[in-house]
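**Student:** just to be clear, the model below is a prediction. Sequence and coordinates:
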Amino acid sequence: MKKSIFRCGICALILGLWGCQPDRTVTFDFDSNKIVSGKKIALKEIAPDLPSDWSDYDYVTIEFRSTTPQRFQLGFTTDHGYNELRLVSYVANGWNKLVIPLRFFRELPTARHDIAATSNQPRVTGWINLGGQRGPLTGVDSIGIRMRAPIGNPQIKLRSITLSKEDPGDRYLEKVPAFDRFGQWNLGDFEGKIHSEEQLQQEWDQEIKTIDEADDFNYSRYGGYKDKRVAATGFFRTQLVDGRWWLVDPDGYLFLSYGVDCVAPAGDTYTKNIDQCTNLFQELPPRELFVEAPGVSPQTNAASFGIWNLFRRYGEDYIDQACEMTLKRMDKWGLNTIANWSDPEIYGHNRKAFIIPLGEIGFENELMGLMDVYEPRFPTRIDEAVARQVADYKDNPWLIGYFIGNEPAWVSKEDRLCTLILKGNDRPIKAALQTYLQQQGDTPQSRKAFIYTTFEKLMTTISQALKKHDPNHLNLGIRYGYIEQLDDELLRISKESFDALSFNCYALAPDPSKLDHALKISGLPMIIGEYHFGTVDRGLAQSLWQVNSQKERGEAFRYYTENAFAHPGLIGTGWFRWADQNINGRNDGENYNCGFIDVTDRPYPYMVEAAIATAHSLYDIHAGTKAPTDKAPEAVGHSPIPDLWD
């Protein structure tokens, strides 16, 4: 009896001491009237026992709750300056622990083949976008959290910071699931949220009633404009007409590629790492609907709420019926191109023009998206790879052409790539670089010249293989990451290898002066491979360019697209993407509100209205007989954040 009393006393003492622990939670309030809002606090305010020298640690864990999925900057002041990263929480309005590897502050990102793969780092309760300065973590004395153009005066509460040698793993700390059984955000409400299958079915039924009532956009069977016809070749080509570049469809009608990327049933989204985060979900899809996805075990660790919702809608025949609905939606909305990274189940119907990427060509992570063109079998490997991939498409008139790559990571980082090559294993490209630098001198200029020479040889080889194995279709270029990266030498190389100059361009609208320069130097018509706008009302991150509402997303779409096509050199755009990304991130972490449809297979009304209105105007806008809309929304980009604080 005395032992029991003693034990109870000890327990009471422990609980009492715990209850007396000071609450060190720090609140960060963000002012939506400011371009940048945030503050720094001394680490001793929240974690007085943390050392200032973090050299012996590999991970920092933050325990926090954000009222918004909007990305924010988190950094630490050290002896060497201020280092920060971008973070996004998948579980807005929920307490969670997010683990950040400290190498992200100390080291440059691991070399990868494209920009997103280099910069994006997925976690379980959020994701990290790398940026900022790099250096030793010594003299660490403060933490800063700030946000660019905060939407709706959000707030972040931070109550713990800990260090560790091993990765302790992310943890979602709430009892209420973060995501509901439809794949929606469960910790907040929003306009248009689905609460029952009956409600969802009613909305689907309402769309079905009018899906076949498409406007007349004066399109030919391939999506060209019946307004003007030139010589037909049976395949897509480009032509300069009255000082303006156009695509020409197989029947000879002028054509502008007005498309969307990643068109697929359910938008090809899937929920990853289920075994690590089961408490995030109210209910998981049935096991038979688990999907095979990149980097996960088939049938075990990935599921698609988008597919589950299609299954609810159509039953076991959901793929065929979803494809039919997708094509009807594109017809109704005036979209004439199934753009990059779309599903063969969709474009294989041969009812709409499409663009595909050349995959499995051999771009190397270690070479930041280049290849070892000095390896003796390089030309043969390229020839074989291209021949294999174009075999099924070379005679298909619905195919516009091929993108041969995406956002090569080495551009503007030629010096670093040369360092990686020189420090890497012995191989032909290393020997070629060493010889070149011995002859030319090891300077930033000579390093850049070597990489450009290597790139030119790579592009020439791929171009020759494409012309050999598929002379019918266009080489649409490599989709550079930014038009700002394109110096005159890259434009010259592009001119020699491509039929069109392609680049991704996230902005309020493309800069006409930059388009002018690219057209002047390259002489090539241009295609914008990616652009988009998003917001935070649905628990998803706001995309690379943010607006304040779903209504502004539609306005932004119209403003960007119409002003882009007003340029005489532009022949195509691809909105990224058909469906919102998964709420807990794709394989590299991204979870953007950027779709025409949401996870429940419902269109965003303002996006649809904008697409239809723009489709009716594009021919006249590009022909120069009609002005594009001048109604520009308030939109903010993702460029490096100014050094501003509250």
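**Tutor:** Arrived safely.

**Student:** hey, where'd the helices end up in the stretch 301-450 of the chain?
**Tutor:** When secondary structure is read from DSSP state H, counting those that start in this stretch, the stretch 301-450 of the chain shows helices at 305-314, 318-333, 344-347, 378-390, 414-423, 428-440, 444-469.

**Student:** buried ones in the fifth one?
**Tutor:** Which is helix 414-423. 414, 417, 418, 420, 421 (16 or more other C-beta atoms under 10 Å). Yep, even glycine has a C-beta here, placed from its N, CA and C like the rest.

**Student:** what's the answer for the second one, then?
**Tutor:** With burial defined by 16+ other C-beta under 10 Å, the residues of helix 318-333 counted as buried are 318-319, 322-323, 325-333.

**Student:** returning to that earlier point: out of the buried residues of helix 414-423, who's nearest residue 570?
**Tutor:** residue 414 (28.2 Å; C-beta to C-beta).

**Student:** go ahead and confirm the closest one touches residue 448.
**Tutor:** Yes. Residue 414 sits in contact with residue 448 when judged by C-beta atoms under 8 Å, with a separation of 4.3 Å.

**Student:** one step back: residue 214: which of the helices of the stretch 301-450 of the chain is closest?
**Tutor:** Closest of the helices of the stretch 301-450 of the chain to residue 214 is helix 318-333, at 4.3 Å (criterion: C-beta to C-beta).

**Student:** got a list of contacts for that closest one?
**Tutor:** 211-215, 260, 263-266, 307, 310-311, 313-314, 336, 338, 345-346, 349, 351-352, 578, 596-597, 601, 603, 608, 611-612, 615 (C-beta atoms under 8 Å, 6 or more residues apart in numbering).

**Student:** ok, of the residues you listed, which come out buried?
**Tutor:** Burial by neighbour count, 16+ other C-beta under 10 Å: within those this picks out 214, 260, 263-266, 307, 310-311, 313-314, 336, 338, 346, 349, 351-352, 578, 596-597, 601, 603, 608, 611-612, 615.

**Student:** now, the residues you listed that are in strands?
**Tutor:** Here DSSP state E is the test, and the buried ones among the contacts of helix 318-333 give 260, 338 as lying in strands.

**Student:** who's in contact with the closest residue to residue 529 other than its chain neighbours?
**Tutor:** Distances taken as C-beta to C-beta, 6 or more residues apart in numbering put residue 479 closest to residue 529, at 4.2 Å, once the chain neighbours are dropped. By C-beta under 8 Å, 6+ apart, the contact set of residue 479 is 340, 403, 405, 406, 407, 502, 503, 504, 529, 530.

**Student:** give the burial count for the second one, as a bare number.
**Tutor:** The criterion is other C-beta atoms under 10 Å. On that basis, residue 403 has 24 neighbouring residues.

**Student:** what about the residue lying closest to it once chain neighbours are set aside, distance to residue 470?
**Tutor:** The shortest distance from residue 403 to any residue that is not its chain neighbour, by C-beta to C-beta, 6+ apart, is 4.7 Å, and that residue is residue 357. Note on residue 357: its distance to residue 470, by C-beta to C-beta, to the nearest Å, is 14 Å.

**Student:** more neighbours: which of these two?
**Tutor:** residue 470 (23 against 18).

**Student:** the domain parsing of this protein - what is it?
**Tutor:** Residue ranges for the domains of the chain, per automatic domain parsing: 22-166, 206-623.

**Student:** kindly check the end-to-end length of the longest one for me.
**Tutor:** Domain 206-623 stretches 37 Å from its first residue to its last (C-alpha to C-alpha, to the nearest Å).

**Student:** now do the contacts for the closest residue to residue 430 other than its chain neighbours.
**Tutor:** Taking C-beta to C-beta, 6+ apart as the measure, residue 430 lies nearest to residue 421, with 5.3 Å between them; neighbours along the chain are not counted. In this structure, residue 421 makes contact with 367, 429, 430, 433, judged by C-beta under 8 Å, 6+ apart.

**Student:** contacting residues around the last one?
**Tutor:** The reference is to residue 433. Residue 433 sits in contact with 418, 421, 422, 450, where contact means C-beta under 8 Å, 6+ apart.

**Student:** hmm, who's touching the host helix or strand of residue 158?
**Tutor:** Assignment of secondary structure by DSSP states H and E places residue 158 within strand 155-164. The list of residues contacting strand 155-164 from outside it, by C-beta under 8 Å, 6+ apart, reads 23-30, 43, 46-47, 50-51, 54, 57-67, 72, 97, 143, 145.
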